[in-house]
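fold the stuff below for me.
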Amino acid sequence: MRSDASSEVAEVDDGRKAFDFLMGSWNVANRRLVDPLRESAGWREFSTVAVARPLLKGLGNTDSYDSADDSDFHGVTLRLFDPAACLWRIWWASTSRPGHLDPPMEGRFDGSRGVFHGTDTVDGTAVGVRFDWNVDGPDRARWSQSISTDAGAHWLVNFTMRFDRAPS
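Numbers count the residues shown, from 1 in each chain. Model prediction:
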């Protein structure tokens, strides 16, 4: 009897499963700068409910955010994994910029931390954008968005989300 290792299905560990933790429903505490370029403008806090679903047999996912209070905030994310480059691309749209799809962010996870970079324009100012994901366990995660107006020498955190898994 011959053992054929090629008949065994190997688990692919190229980063495509990095967002699997996010699938399902979440209660999200949001904190966002009123003026994304100035910390002195103060923060706005609001709650959302997020639901994440897989797409394309695990090579993508989407999630939607709907206000859980009187903030009337709604958003949607599309994430697609590029197996050739072993990286994720992330697109975002929300009611805070109606009719606008943000340029893609690109990056990957290293363990429980993911870092993604891109560029955008805020109030006519070209900015670098960074997303930071921290997975704190199966039922808790954190995300933040930072912007830089000086090619990454300094970063200003202007949006944070704390995810707590919603009860089943």
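
now stretch 117-137, how far from the centre of its chain.
Taking CA atoms, centre = their mean, to the nearest Å, one finds the center of stretch 117-137 at 10 Å from the center of the full chain.

just the C-alphas of it, formatted as CSV.
Only the C-alpha atoms of stretch 117-137 are listed here, as CSV (Å, rounded to 0.1, in the frame of the first residue of the first chain):
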residue,chain,number,x,y,z
HIS,A,117,-2.0,51.6,4.3
GLY,A,118,-3.4,53.8,1.6
THR,A,119,-3.9,57.4,0.5
ASP,A,120,-6.9,59.7,0.3
THR,A,121,-7.9,63.3,0.3
VAL,A,122,-9.5,65.0,3.3
ASP,A,123,-11.0,68.5,2.9
GLY,A,124,-8.7,69.0,-0.1
THR,A,125,-5.6,67.8,1.8
ALA,A,126,-3.7,64.7,0.5
VAL,A,127,-3.2,62.3,3.4
GLY,A,128,-1.7,58.9,4.1
VAL,A,129,-4.1,56.6,5.8
ARG,A,130,-3.4,53.7,8.1
PHE,A,131,-5.8,51.1,9.5
ASP,A,132,-4.6,49.1,12.6
TRP,A,133,-6.5,46.0,13.6
ASN,A,134,-5.9,44.2,16.9
VAL,A,135,-7.6,40.9,17.7
ASP,A,136,-8.0,40.6,21.4
GLY,A,137,-9.6,37.2,21.3
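
residues of that stretch that come out buried?
Neighbour counts over stretch 117-137 (16 or more other CB atoms under 10 Å) mark G118, D120, V127, G128, V129, R130, F131, D132, W133, V135 as buried. Every C-beta, even on glycine, is put in place using the N, C-alpha and C of the backbone.

tell me the spacing between the nearest residue to D35 once chain neighbours are set aside and S47.
Nearest residue to D35 in three dimensions, chain neighbours excluded: A41, at 3.6 Å (CB to CB, 6 or more residues apart in numbering). A41 sits 21 Å away from S47, going by CB to CB, to the nearest Å.

pLDDT, distance to D63 and secondary structure for the buried residues of stretch 117-137 - can I get that in JSON lines?
As requested, these are exported to JSON lines (pLDDT from 0 to 100; distance: CB to CB, whole Å; DSSP: H, G, I helix; E, B strand; the rest coil):
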{"residue": "G118", "pLDDT": "96", "distance to D63": "18", "secondary structure": "strand"}
{"residue": "D120", "pLDDT": "92", "distance to D63": "20", "secondary structure": "strand"}
{"residue": "V127", "pLDDT": "94", "distance to D63": "24", "secondary structure": "strand"}
{"residue": "G128", "pLDDT": "96", "distance to D63": "24", "secondary structure": "strand"}
{"residue": "V129", "pLDDT": "96", "distance to D63": "18", "secondary structure": "strand"}
{"residue": "R130", "pLDDT": "97", "distance to D63": "19", "secondary structure": "strand"}
{"residue": "F131", "pLDDT": "97", "distance to D63": "13", "secondary structure": "strand"}
{"residue": "D132", "pLDDT": "97", "distance to D63": "17", "secondary structure": "strand"}
{"residue": "W133", "pLDDT": "97", "distance to D63": "13", "secondary structure": "strand"}
{"residue": "V135", "pLDDT": "97", "distance to D63": "15", "secondary structure": "strand"}
